Structure formats: structure tokens, C-alpha cells
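1. Could you work out the structure for the sequence below:
(one chain, ligands or ions: 1)
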Amino acid sequence: MVTVYYEWASLLLRWTHIISGIAWIGSSFYFMHLDAAIKGVPEIPAGKGGEAWEVHGGGFYQVRKYLVAPERLPKELIWHKWQAYSTWLSGFALLVWIYYIGADLFLVDPGVRALAPWQAAAIGIVSLVVGWEVYDRLVKSPLAKNEVALAAVGFAYVTAMAWFYQQVFSGRGALIHSGALMGTMMVGNVAMNIMPNQRKVIADLVAGREPNPEYGKQAKTRSRHNNYLTLPVLFLMLSSHFPLTYQTRFAWAIVALVLVAGALIRHFYNERHAGRGDPWWTWAVAALCMWLAIWISASSAPGGREALGLSPLSRTDLPASAPKAPVQVASIVMGRCGMCHARTPSFPGIGEAPKGIRLDTPRFVERNRYEIGLWAVATRAMPPANVSGVTDDERATLARWVAKR
Ligand code: HEC
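-> Numbering: from 1, shown residues only. Predicted structure coming up:
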């Protein structure tokens, strides 16, 4: 029964995380679009806000923006903060659930650094707190007066953190922490800057003082940073399912390229929605970045490119008479993978064949040739942290079998 609870808890946590992330990022996109579309109207002088009309779901909306605050504070004000907080809380819970509780499989790679699980978890948590602090100080420093300089330093900083994570964690753990750091910066912006500034403005209004427009400006800067980070963060959250992204010495470079590509695509839409034209070059540069990322992943995969030639469509069916993998191959795979990838796994803590992949009979081994080529030969992402000690010779045998068409 433990397996059932564990599996369902994993699913429910992810479900919560994805739903709150959609709500948060959706409203971030919405408000950036709205902001860009707002035009001055007679009642709201230029530079103090404006108005936009929208049509949605059968109705027309007239939305007004007051850069500082309206003259009178409305009775009911809708705040947007719990989307952000719930995304972070559910994300952190997932980080603990998968990477800190399962540190020996997913976070620690003895080939990188032989950390005890608690040490790895402590490094992860401290890095998120300190990582936020450094970013926050950067944005408050005089450097921030120059937006381009701040963006360049911010980019170098996140890339450096990705590199640092790669020196201590498994590739997968490094990418998820790079994403978690960016997500923490985004939520920190909401919790430590945007919300407090809005509260100050409201307190001033209630007390009859004129609020300082600086509060609103700061909040807008933070909100713009969040907007540029959304796409890279989403990529990094998905990366753990794709070993080509993280099983390379240059995973940190892939983070850097994805940061540039994601931010450029956001930039395209921000410019377009503001009516400043369509900077199509952003797509070209983003595509170039992604092409580079793909090239890096293939050319630095630890097991070489040879095993990457198979098509997933080459999978065989599994009737009783389906082909079997050669004895030598089957015995390696069944011996090194079968303790987890079996109908009833014997590895402690694994309740059912992970992701439904069974590798406990020669026919299942043959059927999963593509998966074995990708996960165990080219990227060496399996077994996790090489717990069952697959040797280089064994990987070479598997590579020859995978490469044979
Ligand atoms: C210690 C147990 C263990 C061993 C040994 C192991 N795996 Fe896995 N495998 C897992 C777990 C756990 C997952 C699910 C990973 C996740 O949740 O992202 C997995 C996932 C996979 C996947 C599916 C990945 C996906 O998301 O589509 C493949 C393919 C795979 N393993 C192949 C292998 C091969 C080949 C071997 C042997 C060389 C192997 N595994 C050895 C635990 C193991």
C-alpha cells in the first residue's frame, strides 16, 4: 500500500504545482500584455496610467491602470499573490519529496561529489536562500540604474549558479536547482518587494499622503524580471524528464542558452503587445540558441553519439513470440536494471516498475532498445547515480547492440 500512497502523493503534488504555476504565469502574461496595451485617456494623464478595452467570454472589459493609485481607494481590491506563493510552496514540497528524500538516487551523484543526502539537501536549501539574497542586492545596487548592465550581470549570475550546482549535484539535480533558484527569485520579488510596496502605497492613501511613485516603479522592474524568467524556468522544470538536457558536462551552458532563448521570446511578445513592432530577429537568435543547446547535448553525451541513431518507432511489439535481446545484453540489463524495472521490484523504496518500464525479461529488453540506448548508453542517466554499478565494458556491449540496426 505504501507504493500506492507514494505514487498518488507524487501525482497530487505535481498536479497542484502545475495548476498554481499555470495560474501564476498566466496572470503574469496577462498583466504584461495589458500593461503594454494600455493607452493614455483624458481622465488619466500620460505617464500616470491609461486604459485598454478587451473582449473575452462574451463580454467587454474596460480596464484602467493608475500608475500610483486612484484618488479614492476602492472598497474591494483583488490581490494577486497566492498564485505565486502556492506555486513556490508546492514546488518546494516537490523538491523535498523527489530530490531531498530521494537524494541518493536523484540529487547526489558520487561521480560528481560524494555527498551525504542531508548535505546535498542543506546545500540546496541554503543556495536558494543565499541565491535570492544576492539577486535582491543586485537589483537594489546602483548597477540597477542601467537595465542592460543589470540584465547582463543577472544572466552571468544565474549561469554561474548553474555551474556551481553542476559541481555538487547530479546533472538532473543541477538543472532542477537552477530552475528552483529562478523560481525563488520570482516569488521573492512578489513577497519581498511587489507586495510590500503595494501595501505602502495603500497605507499612504489611507493616511491621506501622496504615495511615492518609486514604489510602483520598483515593483514594475521586479515584475518585468519575473516575466523574462518564466519561459526558462518552465524549460528547467521539464528538463528532468529529458536526460539529453542534463547528462552533459555543459548542462550549465544549456541553462545559459535557454535563458537567452526564453527571454528573447518574451521580449518579442512584450514589444509586439506594446505596438513597437515585431522584432522577428528574436526568434532567429532563440532558434540559434536552441540549436546550440541541442548540439552541445549530443556532442558531449557521456556515452557518445552512436547510441542516438535509433528511431523510437523501431520498437517491437510484445507478443509472446516477439524477438528477444541477445543473451549477453539481456543478462546485463536484467542484472543491472531489473531490480527496479520489474513487475515486482526488489530495490528498497521502489514499489513498481518506474514509469512502467520493465527490463526483467529478454523480450522487454529488446522492446526497450531505444530507451536503453538513450538512458543507459548515450546519456548514462540510468541507473540513477549508477547505483547498480554498470561498468564501462557493459555499457560498451550495450552500445554495440543498440547501434546494430
Ligand atoms: C535504483 C533503481 C533503478 C535502476 C537500477 C534503474 N532504474 Fe531506470 N528508473 C528508475 C526510476 C526511479 C525512474 C523514474 C525516474 C523519474 O521519476 O524521473 C527510472 C526511469 C527509467 C526510464 C524512463 C524514463 C522516462 O522518464 O521516460 C528508463 C528508460 C529507464 N529508467 C531505464 C533504465 C535502464 C536501462 C536501467 C539499467 C541500465 C535502469 N533504468 C536502472 C530507477 C532505476
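
2. Could you use CA atoms for every contact and neighbour count after this?
-> Will do.

3. what separates the residue of the stretch 51-200 of the chain found nearest the ligand from residue 117, distance-wise?
-> Distance from the ligand to each residue of the stretch 51-200 of the chain (Cα to the nearest ligand atom) is smallest for residue 105, at 6.8 Å. As judged by Cα to Cα, to the nearest Å, residue 105 and residue 117 stand 10 Å apart.

4. do residue 275 as well
-> Residue 275 sits 51 Å away from residue 117, going by Cα to Cα.

5. now residue 71
-> Counting by Cα to Cα, the gap from residue 71 to residue 117 is 55 Å.

6. Could you do residue 360 as well?
-> Counting by Cα to Cα, the gap from residue 360 to residue 117 is 29 Å.

7. how about the one residue in the stretch 201-350 of the chain that gets nearest to the ligand, what does it touch?
-> Closest to the ligand within the stretch 201-350 of the chain is residue 337: 3.6 Å, counting by Cα to the nearest ligand atom. Listed by Cα atoms under 8 Å, 6 or more residues apart in numbering, the contact partners of residue 337 are 359, 360, 383, 388.

8. where exactly do the strands run in this structure?
-> Using DSSP state E, the strands of the chain run over residues 49-56, 59-66.

9. among these, which is the most enclosed?
-> Of all those, strand 49-56 has the most neighbours on average by mean count of other Cα atoms under 10 Å, namely a mean of 14.

10. Now do that one: everything it contacts.
-> Against strand 49-56 from outside (Cα under 8 Å, 6+ apart): 34, 37-41, 44, 60-67.

11. Would you map out the domains in the protein?
-> Per automatic domain parsing, the structural domains of the chain span 2-37+81-299, 306-403.

12. distance between the helix or strand bottoming out on mean pLDDT in the chain and the chain's centre?
-> Ranking every helix and strand in the chain by mean pLDDT, DSSP states H and E puts helix 195-206 at the bottom, with a mean of 89. Relative to its parent chain, helix 195-206 has a centroid offset of 32 Å by Cα atoms, centre = their mean, to the nearest Å.

13. Select from the contacts of residue 337 the one having the most neighbours.
-> Each of those was scored by neighbours using other Cα atoms under 10 Å; the highest score is residue 359's, at 26 neighbours.

14. For it, list the residues it contacts.
-> Counting by Cα under 8 Å, 6+ apart, residue 359 touches 333, 334, 337, 338, 341, 342, 365, 368.

15. what about 7 Å?
-> By Cα atoms under 7 Å, 6 or more residues apart in numbering, the contact set of residue 359 is 333, 334, 337, 338, 341, 342, 365.

16. and it, what pLDDT?
-> Listed pLDDT for residue 359 reads 96.

17. Grab the nearest non-local neighbour of residue 325.
-> Nearest residue to residue 325, sequence neighbours excluded (Cα to Cα, 6 or more residues apart in numbering): residue 366, at 4.6 Å.

18. Around the ligand, pick out the residues from this protein.
-> Taking Cα under 6 Å from any ligand atom as the criterion, the chain approaches the ligand at residues 241, 333, 336-337, 339-340, 354-355, 371-372, 375-376, 382-384, 388.
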